[in-house]
Structure formats: structure tokens, C-alpha cells
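# My questions concern the predicted model and sequence given below.
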Amino acid sequence: MLYRRKSTSGSTPPSRRCSSVSDISPLDCSIEQAASGQQDEVMVKKFVNISVLERIRNILRFDAINLESTAVRNSKMLSLSEDQNSISYIHHYGVDVCFTDEYHSSPSQLEQYRKIGDPEVDTLLSEFKSFGPFDDVISAAAVARDNLKSNVTTNRLAQFYRHYEKIPSWVDFDQIQRGIDVFLAYLPAAGCALYYRSLVGGFSIPKIVEVLKSTRYLVSDRQKTLYRLIDTGGLLAACFAPTESRLSAASLRPGCRGWLAALRVRVLHAKIRRRLLQMKRRDDDGHSVQLWDIERNGIPINQEDLAATLLAFSVNVLIGIEIIAGKPLSANEQHDYLALWRYLGWLLGIDTPESDHMSSNCDKAMQESLPPIDPCGPSILHAYASLESIILHILHPEPSSCDLVTHLLSVRGFFAFRAEVCRILIGGPLADGLGLPKYHCWQGWTVEALRIFVANFLLKVTVYTFLMCFRFYTLLTMSSPWFKAKTTVWHGDLQRKFLHKWEEGHSSRMSAAYKKDKTAASAKKSSSCPFSMVMPPQL
């Protein structure tokens, strides 16, 4: 079932090749096979017709804009479009997005999702005003679920916990395991894509930057920023690191490690949202005025922001792997990986249909007019189109975006190296928009120019060698089932070790922050939530 949204676009497409943000194949098996066969045919014809030098150039270059299989995906999308006159091409940071009314969402449609936060958890926190920054709401919900004598108040907590114990009809834990295996098998390329494409590209969206600035998340001093990045890795490890049975998906079953971690992060988002909406000031007339600008930025951490973040960890990683490898993952691997993140999105509070007739977390007043945003489902086409729609809507860098990018790339030093890698993986036009420097090699015959030439030349050689190592490793993983199986196990063991180290360090940092918090200290509680609101928002 495909969710198809209508927009107001109506221009006739020009007769030229459409390049887009990424390359995909549709979800349905018959369509996948057709797209795969069409893609192979296009690749073979292209390989036969080009020269030897051109073949070598294609193997050795990294191109974030002109991906090999883009034309195949757009061709398939156009063939499935009911109204060819509703197709338009939108140029955005070097990319011509093939915008279809049936798969993409218009800015006016996406703007509606900016008015919705997380109704289910927001309501819980409004009813349980005693929950503080360090309180573990999910543990309290688990206790309420097990309490046979629960009252009306605690019964709401129990209902929330039971709701997410009931897995949606489309979840297949065998497929979830395959999706985790995709992440583990391609962990080096996926990690590179997460940092250089998802964090830098995604978190430079101005409306998301406003939340990051208020919470000082990723914009505080370098050490605290590093801790936040490591905490993100901790969440991924909690969800993906193998258990004792060596089945990572076991941790995402109800009540298990990854399942609990996702729900706790969701509550953290709700606490931040609530705090930002509660902050007020007095105007010149003495009236109370809300500090957070809802008209400009929408509800903090709204459904579109959540969807953008989920797509940064899912579709954007698939694009990053394709850029690094020079070829996309198979349709089956993409399908499994997106199914994994669709399930995680459901746990994190993104409105996702639990069945054909039931939405998971939508404002009932808007439920009839506004379909679930469901960014990673139900098809691969829909997921990529969702990312393109959101990019067109809110990815318009401002000076605050440039400052955040510079800060992120400077966390552990080697700014020039990181900036050059980032430029390659996000593309030149967006890198220019984010203010990333260009390191030109040749600048003249002066002594200073020659010194710069040598430094920049060595920088580019180092970056290119770094990326080529990632390419060969990724291609070997793609081409050798034996090597892929070995790397999956090896990377899984690394994730498990990282999780152990992170839990130790994170626990000590949470304890220190907990002891400093006056509210927590006065309550005399023995423990805090692993994902606590350590730094309350400030405006």
C-alpha cells in the first residue's frame, strides 16, 4: 500500500535526464525485480559504450550528486505516476529533484506536521507534572503495568507501556535482524555517512538548529559535544549490538534493551518539548509572552523534525554507502534496512500506521485530514521521496547552520581533513552553502602559494586515500558473502564492546549530573533515567 499525497505542482517536465538526491528501487517484489533488471541493463550498456579511461574515472571518483542509478529510480517513479502533467523538476543545491504529486509532499502539507509534537507522550507528561528531568518515565510505566491495583492516573502509564508491547502488523523480526545485519556489515561506511552526511547535513537545517541551540546539544563546548555524539552511538549500540544469543533484533523486542532505550529517548524529546513551550517572558505591557516562536519554527521536535532525523539515519545512510562504494546496496538490503528504521521510528513517536486502519500517534483532530507521516514506509520509493520533500522544505542553511557545521567538524581537531571529506560526501553546492572551505591546490608561483599547494595537495591525497580504503572495504563486503558474514560478526562484537564502555562512562556522567541537580537531590531518589535531560533548554 502506497501513501500518495497530492500537491499543487503542475508544471510539465522538460525532456532531459532527471538527477535526484538518491537512487532507489520500489518495494514490491515484482517492481524490485524489474527495476533491478532495468538498472543492470542500463549499467551494462553504459559500460560497453564508454572508453577505458572513462571506466577507470567512474571507479575512482566520488560523486554525491550524479549517482549511477538515479535515472533508473526516477524512471520507475515516473512510470508509476498517474498524472504525467503533475511532475516538476526542482533545482536544489546542485540536484534536480524529480517532484511527483503522488510520492512527494508539498511544503504546505509538511507544514501541517510541524504543528504536531508527540501527542501520546506529551499528554502523559502534562498529566504527570511530578516527572522531573531525571525521572525514568518508562520504568514508572513498567511498574504501573505490573501493578494490579493501579489507579486512574497510573493506569495511563500502564496503557502507554502496553501499547508499545503490541507490535504493529507489518513488523517481522527476521527482517529487523536482516536490517541490523545491513548496518553491521557496512558499519564503516554507515558511520562515515552518519557523521558527514546526516549530522552535518541534517542538523544544519535552521529550524532544527533552533532546538539544538536552546538545549545546547552539539553547540556547547567541544568535550560536551563529543559526549552527545557518543551518546547517539550509545543509542545505536543499545539497539543493534548483538545479545548473548548473537541476535541483535532480540534487543528490540518489547521490554528489552534497545526497545527501552528508544522509548526513553522519546520521553527525553517530550521533556525538552514541554520545557521549551513552557518558557515565557514579560513584554513591555507586563503580559506573558511565549519565548518559543511556534509560527516560525513549529512545535519543538515536531513530526517533520522527527521524520527528518529518522531519514538521516536511514535513507541518508543508504545514500552515503552508495557514494562511498560507487554503487547502491541491493533492493532487498535497502528494504530490510528501512523496515528496521520504520520500527524504530514507531517507537520514537513518529506517526506510523500500526495496521491499514489505525494510526499510532496522531492528533485525533487532524487524523482524518492528515495521513501518518511514516517516512520509512511502506515502500522504498516513499522513503526516498519523503527525504527529498523534507530537504526541499526546510534545508535552507543560514549563518547559524554554518556555525554549527564548523563546530561539529572541529570537535576532535583535523578540521581541514573533515571539511574536505564532508564536501565530497554532501556535494559542492551544499558545502558552499554551509560555508565549508575550498582547498585549491594551485594558486601561483610565489613561495607562500607553493607552500599552500603542497599542503592542500597532501590534504587531498590523504582524503582520497581515506575514502578509497572505505570504498574497497565496502565493495569487498558487497561482493563476498563470506567476508560479509565475517564483518557482520566482527562489527557486532565491536558494537557490544562500545556499548559496555559507553554504559560505564555514561552512567558515571549521569550520576554526577544527577547529584548536582537540586530538584533530584531534594527528592532523594537513588537512580536516574539513562537518557535524562541533563541540560534543560534555555532561550
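Ah, there it is.

# use CA for all of it now, contacts and neighbours both
Noted.

# now the helices for the stretch 151-300 of the chain?
152-163, 173-185, 187-193, 206-215, 222-240, 257-278, 294-297 (DSSP state H, counting those that start in this stretch).

# hey, C-alpha coordinates of the fifth one in PDB?
As requested, the backbone C-alpha atoms of helix 222-240 are provided in PDB (Å, rounded to 0.1, in the frame of the first residue of the first chain):
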ATOM      1  CA  ARG A 222      33.800  20.500  22.400                       C
ATOM      2  CA  GLN A 223      34.000  17.900  25.200                       C
ATOM      3  CA  LYS A 224      30.300  18.100  25.800                       C
ATOM      4  CA  THR A 225      29.600  18.000  22.100                       C
ATOM      5  CA  LEU A 226      31.700  14.800  21.900                       C
ATOM      6  CA  TYR A 227      29.700  13.300  24.700                       C
ATOM      7  CA  ARG A 228      26.500  14.000  22.800                       C
ATOM      8  CA  LEU A 229      27.800  12.300  19.700                       C
ATOM      9  CA  ILE A 230      29.000   9.300  21.700                       C
ATOM     10  CA  ASP A 231      25.500   9.100  23.400                       C
ATOM     11  CA  THR A 232      24.000   8.900  19.900                       C
ATOM     12  CA  GLY A 233      26.400   6.000  19.200                       C
ATOM     13  CA  GLY A 234      25.300   4.500  22.600                       C
ATOM     14  CA  LEU A 235      21.600   4.500  21.400                       C
ATOM     15  CA  LEU A 236      22.600   2.800  18.200                       C
ATOM     16  CA  ALA A 237      24.700   0.200  20.100                       C
ATOM     17  CA  ALA A 238      21.800  -0.400  22.500                       C
ATOM     18  CA  CYS A 239      19.600  -1.200  19.600                       C
ATOM     19  CA  PHE A 240      22.000  -3.000  17.300                       C
END
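
# For S480, which of the helices of the stretch 151-300 of the chain is the nearest?
Nearest of these to S480, taken as C-alpha to C-alpha: helix 173-185 at 11.3 Å.

# which parts of the closest one are buried?
Residues of helix 173-185 classed as buried: 173, 175-185 (neighbour count, 16 or more other C-alpha atoms under 10 Å).

# Got phi/psi on P353?
Dihedral pair for P353: phi -70, psi 130, per degrees, to the nearest 10.

# picking that back up, columns mean pLDDT and distance to S105 on top of the helices of the stretch 151-300 of the chain, output as TSV?
Formatted as TSV, those follow (pLDDT from 0 to 100; distance: least, C-alpha to C-alpha, whole Å):
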stretch	mean pLDDT	distance to S105
helix 152-163	86	29
helix 173-185	96	26
helix 187-193	96	25
helix 206-215	84	18
helix 222-240	88	29
helix 257-278	93	25
helix 294-297	90	19
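
# how about those, which one is nearest S401?
Nearest to S401, of all the helices of the stretch 151-300 of the chain, is helix 206-215, at 6.0 Å by C-alpha to C-alpha.

# Which strands or helices does the closest one pack on?
Counting contacts by 3 or more C-alpha pairs under 8 Å, 6 or more residues apart in numbering; DSSP states H and E, helix 206-215 packs against helix 399-409.

# can you list contacts of the helix it packs on?
200, 203-206, 209, 218-219, 222, 225, 415, 418-419, 433-436 (C-alpha atoms under 8 Å, 6 or more residues apart in numbering).

# tell me the angle the top helix by length along the chain makes with helix 222-240.
Longest helix in the chain, counting residues (DSSP state H): helix 481-516. Here helix 481-516 runs at an angle of 130 degrees relative to helix 222-240 (axes from the mean of the first three to the mean of the last three C-alpha atoms, to 10 degrees).

# buried ones in helix 481-516?
Buried-residue list, helix 481-516, by 16+ other C-alpha under 10 Å: 484, 487-489, 491-496, 498-499, 502-503, 506-507, 510-511, 513-514.

# show me the contacts for the most centrally placed residue in the chain.
In the chain, the centroid-proximal residue (C-alpha atoms, centre = their mean) is A312; its distance is 2.4 Å. The contact partners of A312, by C-alpha under 8 Å, 6+ apart, come to 194, 197-199, 202.

# which of those lies closest to P371?
Using C-alpha to C-alpha, the contacts of A312 come closest to P371 at G202, 23.9 Å.

# circling back to that earlier point, how about the contacts of A312 in JSON lines, adding neighbour count?
Below are those laid out as JSON lines (neighbours: other C-alpha atoms under 10 Å):
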{"residue": "L194", "neighbour count": "22"}
{"residue": "R197", "neighbour count": "26"}
{"residue": "S198", "neighbour count": "25"}
{"residue": "L199", "neighbour count": "18"}
{"residue": "G202", "neighbour count": "25"}
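
# what about the closest residue in space to R418 that isn't next to it in sequence, neighbour count?
Of all residues not flanking R418 in the chain, L409 sits nearest, at 6.0 Å (C-alpha to C-alpha, 6 or more residues apart in numbering). L409 is flanked by 20 other residues according to other C-alpha atoms under 10 Å.

# With the one 5 residues further on instead?
Summarising burial for F414: neighbours were counted as other C-alpha under 10 Å, giving 10.

# now do A419
By other C-alpha under 10 Å, neighbour count at A419 equals 24.

# For the strand or helix carrying A419, C-alpha coordinates in CSV please.
Under the criterion of DSSP states H and E, A419 resides in helix 415-426. The C-alpha coordinates for helix 415-426 follow below in CSV (Å, rounded to 0.1, in the frame of the first residue of the first chain):
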residue,chain,number,x,y,z
PHE,A,415,39.1,20.5,10.7
ALA,A,416,40.6,20.7,7.1
PHE,A,417,40.5,16.9,6.7
ARG,A,418,37.0,16.6,8.0
ALA,A,419,35.7,19.6,5.9
GLU,A,420,37.2,18.1,2.7
VAL,A,421,35.6,14.7,3.4
CYS,A,422,32.3,16.4,4.2
ARG,A,423,32.5,18.4,0.9
ILE,A,424,32.9,15.2,-1.1
LEU,A,425,30.0,13.3,0.7
ILE,A,426,27.4,16.1,0.6
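
# Many thanks, we can stop here.
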